[in-house]
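Enquirer: Any chance you can model this:
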Amino acid sequence: MQELTTVELRPQGVGLADPAEGPAPAAAMRPSRTQSAMSVRHRLPAAMGQSLRAGGRMLSEEFDHGRLLLFSPVFLGAGAAFWFLAATDVPLVPSLLCLSVSMLAGLVAGRSRPALRATLLALSLVACGMLCAQFESWRASTVILDSSVTTTVTGRVERREGDDRGRWRYILAVTGTEAPEVKRPPRRITVIARGADAPFEIGDIITGRARLTPPAGPALPGLNDFSFGAYFDGIGANGFFYGAPEKVDLPAGPQAATSTPEALLEWLYRLRSGIGDRIRSILPGDTGAFAAALVTDERRAISKETTEALRQSGLAHIVAISGLNMALSAGIFFVGFRMLLSLFPGVAQAYPTKKIAAAGALIAVTAYFLISGFGVSAERAFIMMAIMLIAVFFDRPSISLRNVVLSALVIITISPSEVLGPSFQMSFAATLALVSGYQLWKDRRVRESPLPKLPFLRPVAAVAGFFGGIFLTSLIGGFSTALFSIEHFHRLTAYGLPANLATMPIISFIVMPAGLLAMLLMPFGLDAPLWTVVGFGLDLVIAVAKTVSGWGGDIGFGRLPGWYFIMAVAGFLLLMLLRTRLRHAGTSILAVATLILLTLPGSRPPDLVISEDGGLVALVASTAMASNRENPPDFIFDQWQRALVSPTHQPPKMLDGPAIPPQGEDRRLRLSGDQQNEARTAMVAAAAGGEANRFSCVKKAWCIARLGNGHVVAVIDNAAYLGPACDAGEIVVTAVRLRFDRCRSGATLFTGETLRRTGSIELRFVQTGLEIATAFDAWSRPWMRHRAYDWRKGGFAESGPSAVSDNGE
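Expert: Below you'll find the predicted structure:
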């Protein structure tokens with residue numbers, strides 16, 4: 001209708017001219033609005049068609065270059081991640097059926113339908129990833145301790161590691177418990193011992209009174225679940241000995257016997273511990289602990305101050321045995337051994353010295369990996385280096401994305417649980433970005449210039465090239481791991497680039513060459529002078545780390561929305577794995593997701609957070625986080641501060657009374673009526689007269705606080721104060737494992753029993769009432785199943801956390 005109106009209102013002479021009347025005026029030759037609109041409508045489909053055809057050509061080019069096969073570990077890892085993140089176990093039969101059908105359909109589709117075939121291959125890889133995850137979970141079958149217990153534990157020392165405070169951390173294979181005997185004893189535990197004159201040797205049987213606790217769950221809903229990693233590491237409990245444990249001399253028998261693989265692992269761990277002890281005996285303090293960490297990956301002996309300085313300066317990756325360490329050790333050995341062989345002309349002319357040097361470097365990195373502790377970063381780096389060195393045997397390019405993909409496929413197949421860990425994600429993100437950047441640099445257009453070839457400019461060009469390489473690798477590595485650092489650690493280091501520029505020459509030319517020679521000479525006892533050189537270089541690195549960390553630059557970001565992390569990872573992978581202009585779709589996804597994140601308002605922080613054991617409670621305000629502990633445990637509280645971006649801690653205001661804990665602090669004692677009235681009056685007065693958003697506490701008895709919105713929260717250390725707390729507060733928290741979960745007054749009650757099943761909790765006061773977010777919604781997953789075990793009944797509960805009520809009645 002609008003077009004008709006436009007035609008009717010058109011002035012005379014604007015229409016098409018009659019050929020008999022001669023040429024039309026200039027005004028008559030101009031297209032009308034209708035014609036312009038129609039022309040645009042015709043051009044748009046044509047442009048869209050052109051774009052689709054161009055996209056098809058680029059996609060065909062990606063197929064021709066095999067780039068789409070580089071996504072195979074992405075789909076395999078996605079299947080594994082889906083299985084681990086699912087609310088319940090995915091049945092085995094549907095996964096096998098999906099794998100069989102998709103593979104069969106892919107074979108029937110043939111090469112004539114590449115898009116369909118690629119889709120079916122992706123489905124097959126997803127199903128295969130789910131099966132790998134299910135198989136790893138079945139293979140682990142770790143028994144996790146159901147609740148905290150104090151018992152006498154006896155076990156065989158499998159591994160050991162010292163820390164900076166003189167304590168020793170042992171991994172024990174449990175052989176027995178008594179007083180009380182644990183009904184579901186874990187097969188392997190991690191326990192800390194203090195006060196021993198000398199550390200126990202690997203293979204010793206030790207016993208002692210110990211406090212054991214299950215591996216920690218998420219500090220807040222959505223954060224890292226440490227019980228997940230402990231389950232796949234085979235660790236069923238953590239704890240510490242009361243006093244120094246004792247060695248038990250047992251006669252040789254079935255308990256002391258070990259299989260051949262276990263004996264080999266035990267020998268490797270004994271060798272690893274011996275190397276670490278040797279290095280620390282030559283280099284004292286943090287220097288020796290740093291040097292030992294570079295060789296054996298034992299990092300606990302490094303002091304907290306130095307560890308924090310390395311982290312804040314962006315140099316923590318040096319401590320971890322990763323691609324940098326493996327590449328430097330393999331490269332130094334390869335170049336040095338090849339130069340040594342070239343000194344003998346007969347050998348250099350008769351034998352392929354390059355391949356011989358590659359074989360020697362392969363043996364060297366294999367030995368390095370065996371004594372490194374088998375961490376995922378070391379495993380990934382070893383596989384990468386092994387593939388690169390083996391490629392030399394067949395005269396193939398060493399650095400390629402296919403090598404990265406192959407190592408990722410191997411690790412995901414063997415240990416699919418690592419897909420969700422920060423070590424796997426950050427190490428592969430950095431490697432993927434560096435290899436992609438290297439290929440772009442290699443394929444660039446090179447313009448010849450005579451200036452760098454001048455004799456007096458060659459040293460300058462070499463130095464500039466070295467530091468330029470460090471600058472680019474540090475920049476690429478920093479940007480590629482930034483997303484994962486924010487996701488897992490909720491912070492980012494601003495000054496990592498200058499710190500890496502200052503330390504990489506020290507590591508490359510002083511620390512690693514001297515350390516490699518020291519390891520070769522260690523069997524002959526001639527390594528001490530070289531370790532001194534290593535110590536000199538590491539002292540410089542520590543000095544740089546402390547200087548840079550003093551600049552600040554530790555930026556907190558808090559928790560990222562789940563949708564943003566998924567979109568950003570997808571964009572990053574498209575940008576890194578594609579070679580045509582299609583890769584810029586990844587750039588667009590990253591840009592759009594980031595723009596939406598910055599535009600939309602952030603999620604509202606919780607008003608109250610509760611740890612999973614009920615011992616730590618904090619009020620979250622805009623200026624500070626107020627807890628019920630003067631010195632809250634760092635392990636939990638640091639995670640709260642990073643995730644909620646609240647660096648300031650406000651300790652409680654300590655009161656003198658009048659309420660005091662019952663004599664002997666027996667939690668089964670009850671207060672008299674007068675004592676209850678006295679405690680209730682004191683709690684009400686403390687809540688009304690105290691500062692808003694700050695706890696007022698009576699030591700070892702109770703704490704109470706009034707939030708800014710007027711709600712009152714009470715935390716009790718002794719169950720005797722439960723009645724007064726329920727009367728004075730709207731929310732009551734206690735670490736005591738009570739047999740009920742409700743207050744008669746109607747106040748919301750969280751006990752040690754309910755929190756054991758729900759995990760940590762976030763509370764928000766909304767208009768409709770109280771919004772509760774729990775860390776766990778079900779207990780069906782293997783690494784959560786221990787939370788459903790009832791030691792009184794000796795069985796597992798089938799209900800979820802929300803159904804917990806009146807447990808003992």
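Enquirer: check contacts around the residue lying closest to Val533 once chain neighbours are set aside.
Expert: For Val533, ignoring the flanking residues on the chain, the nearest one in space by C-beta to C-beta, 6 or more residues apart in numbering is Ala514 at 4.1 Å. Every residue, glycine included, has its C-beta placed from N, CA and C. Ala514 makes contact with 530-531, 533-534, 537 under the criterion C-beta atoms under 8 Å, 6 or more residues apart in numbering.
Enquirer: Turn the residues you listed into a markdown table, columns for distance to Arg160, secondary structure and pLDDT.
Expert: As requested, these are arranged in a markdown table below (distance: C-beta to C-beta, whole Å; DSSP: H, G, I helix; E, B strand; the rest coil; pLDDT from 0 to 100):
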| residue | distance to Arg160 | secondary structure | pLDDT |
| --- | --- | --- | --- |
| Leu530 | 26 | helix | 94 |
| Trp531 | 21 | helix | 94 |
| Val533 | 28 | helix | 95 |
| Val534 | 23 | helix | 94 |
| Gly537 | 27 | helix | 94 |
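Enquirer: Considering the residues you listed, which possesses the most neighbours?
Expert: Val534 (28 neighbours; other C-beta atoms under 10 Å).
Enquirer: what about the closest residue to Ile486 other than its chain neighbours, distance to Ala725?
Expert: With C-beta to C-beta, 6+ apart as the criterion, Ile486 has its nearest non-adjacent residue at 4.7 Å, and that residue is Phe557. Distance of Phe557 to Ala725, computed by C-beta to C-beta, to the nearest Å: 37 Å.
Enquirer: How about Val460?
Expert: For Val460 relative to Ala725 (C-beta to C-beta), the value is 74 Å.
Enquirer: hey, where'd the strands end up in the stretch 201-350 of the chain?
Expert: 205-213, 237-241, 246-248 (DSSP state E, counting those that start in this stretch).
Enquirer: Nearest to Thr88, out of the ones you listed?
Expert: strand 237-241 (25.2 Å; C-beta to C-beta).
Enquirer: sorry, back to before: out of Phe557 and Ala725, name the residue with the larger neighbour count.
Expert: Set Phe557 next to Ala725 and count neighbours by other C-beta under 10 Å: Ala725 wins out with 28 against 16.
Enquirer: does that one sit in a helix, a strand or a coil?
Expert: helix (DSSP: H, G, I helix; E, B strand; the rest coil).
Enquirer: Show me where the stretch 651-800 of the chain has its strands.
Expert: Using DSSP E, counting those that start in this stretch, the strands of the stretch 651-800 of the chain run over residues 653-655, 696-698, 702-706, 712-716, 731-734, 748-750, 761-766, 769-774, 789-790, 795-796.
Enquirer: hmm, who's touching the last one?
Expert: This means strand 795-796. In contact with strand 795-796 (C-beta under 8 Å, 6+ apart) are residues 779, 785, 788-790.
Enquirer: ok, now with 6 Å
Expert: The contact list for strand 795-796, computed with C-beta atoms under 6 Å, 6 or more residues apart in numbering, reads 788-789.
Enquirer: per-domain residue ranges of the protein.
Expert: The chain breaks down into these domains under automatic domain parsing: 63-140, 149-247, 273-445+453-556, 562-599, 608-775.
Enquirer: starting at the chain centroid, how far to the first one?
Expert: A distance of 24 Å separates the C-alpha centroid of domain 63-140 from that of its chain, computed with C-alpha atoms, centre = their mean, to the nearest Å.
Enquirer: cool, and the fourth one?
Expert: Centroid separation between domain 562-599 and its chain, computed with C-alpha atoms, centre = their mean, is 21 Å.
Enquirer: what about that domain, start to end distance?
Expert: 16 Å (C-alpha to C-alpha, to the nearest Å).
Enquirer: Can you give me the buried ones in it?
Expert: 564-565, 567-580, 582-583, 586, 589-590, 593 (16 or more other C-beta atoms under 10 Å).
Enquirer: What about Val93, how many residues nearby?
Expert: With other C-beta under 10 Å as criterion, Val93 counts 8.
Enquirer: Name the residues that touch the helix or strand containing it?
Expert: Per DSSP states H and E, Val93 falls inside helix 92-109. Residues outside helix 92-109 that contact it (C-beta under 6 Å, 6+ apart) are 116-117, 120-121, 123-124, 127-128, 130-131.
Enquirer: Inside helices: which ones of these?
Expert: Of the positions in the contacts of helix 92-109, 116-117, 120-121, 123-124, 127-128, 130-131 sit in helices, assigned by DSSP state H.
Enquirer: among the residues you listed, who's most crowded?
Expert: That'd be Met130 among those, by other C-beta under 10 Å, with 27 neighbours.
Enquirer: so who does that one touch?
Expert: So Met130 contacts 79, 83, 90, 95 (C-beta under 6 Å, 6+ apart).
Enquirer: The second one against Val90, yeah?
Expert: To tie it back to what came earlier, the one meant is Trp83. Yes - Trp83 lies in contact with Val90 (C-beta atoms under 6 Å); the separation is 5.5 Å.
Enquirer: If you count surrounding residues, which of these two has more?
Expert: Taking other C-beta under 10 Å, Trp83 and Val90 do not tie; Trp83 has more neighbours (24 against 18).
Enquirer: where's the more buried one relative to Met130, distance?
Expert: Counting by C-beta to C-beta, the gap from Trp83 to Met130 is 4 Å.
Enquirer: Next, count neighbours for Thr681.
Expert: Neighbours of Thr681 (other C-beta under 10 Å): 14.
Enquirer: now Pro605
Expert: 18.
Enquirer: List the residues that contact the nearest residue to Trp783 once chain neighbours are set aside.
Expert: Leaving out its chain neighbours, the residue that sits closest to Trp783 by C-beta to C-beta, 6+ apart is Tyr231, at 3.7 Å. By C-beta under 6 Å, 6+ apart, the contact set of Tyr231 is 140, 142, 783.
Enquirer: Identify the residues contacting the first one.
Expert: By C-beta under 6 Å, 6+ apart, the residues touching Ala140 are 231-232.
Enquirer: again, 10 Å this time
Expert: Ala140 is in contact with 231-234, 417, 782-783, counting by C-beta atoms under 10 Å, 6 or more residues apart in numbering.
Enquirer: Give the buried residues for the helix holding Val93.
Expert: 95, 98-99, 102-103, 106, 109.
Enquirer: re the thing from before, out of the contacts of Met130, the closest to Ala408 would be?
Expert: Gly79 (13.4 Å).
Enquirer: From Gly106, how far out is the closest one?
Expert: Distance from Gly79 to Gly106, by C-beta to C-beta: 16 Å.
Enquirer: Which strand runs longest in the chain?
Expert: strand 149-162 (DSSP state E).
Enquirer: where does the following helix or strand past that strand sit relative to the chain's centre, distance-wise?
Expert: Sequence-wise, the next helix or strand downstream of strand 149-162 (DSSP H and E) is strand 168-178. Between the centre of strand 168-178 and the centre of its host chain there is 27 Å, according to C-alpha atoms, centre = their mean.
Enquirer: Among the strands of the stretch 201-350 of the chain, which comes closest to Lys699?
Expert: strand 205-213 (21.8 Å).
Enquirer: which other helices and strands contact the closest one?
Expert: On a contact count with 3 or more C-beta pairs under 10 Å, 6 or more residues apart in numbering; DSSP states H and E, strand 205-213 meets strand 149-162, strand 168-178, strand 188-193, strand 237-241, strand 246-248.
Enquirer: Mean neighbour count and distance to Gly346 for these - can I get that in TSV?
Expert: Listed next are these as TSV, based on neighbours: other C-beta atoms under 10 Å; distance: least, C-beta to C-beta, whole Å:
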stretch	mean neighbour count	distance to Gly346
strand 149-162	21	47
strand 168-178	19	51
strand 188-193	21	55
strand 237-241	22	60
strand 246-248	14	57
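Enquirer: where do the helices sit along the stretch 351-500 of the chain?
Expert: Assigned by DSSP state H, counting those that start in this stretch, the helices in the stretch 351-500 of the chain fall at 353-370, 376-393, 401-414, 422-442, 458-489, 496-506.
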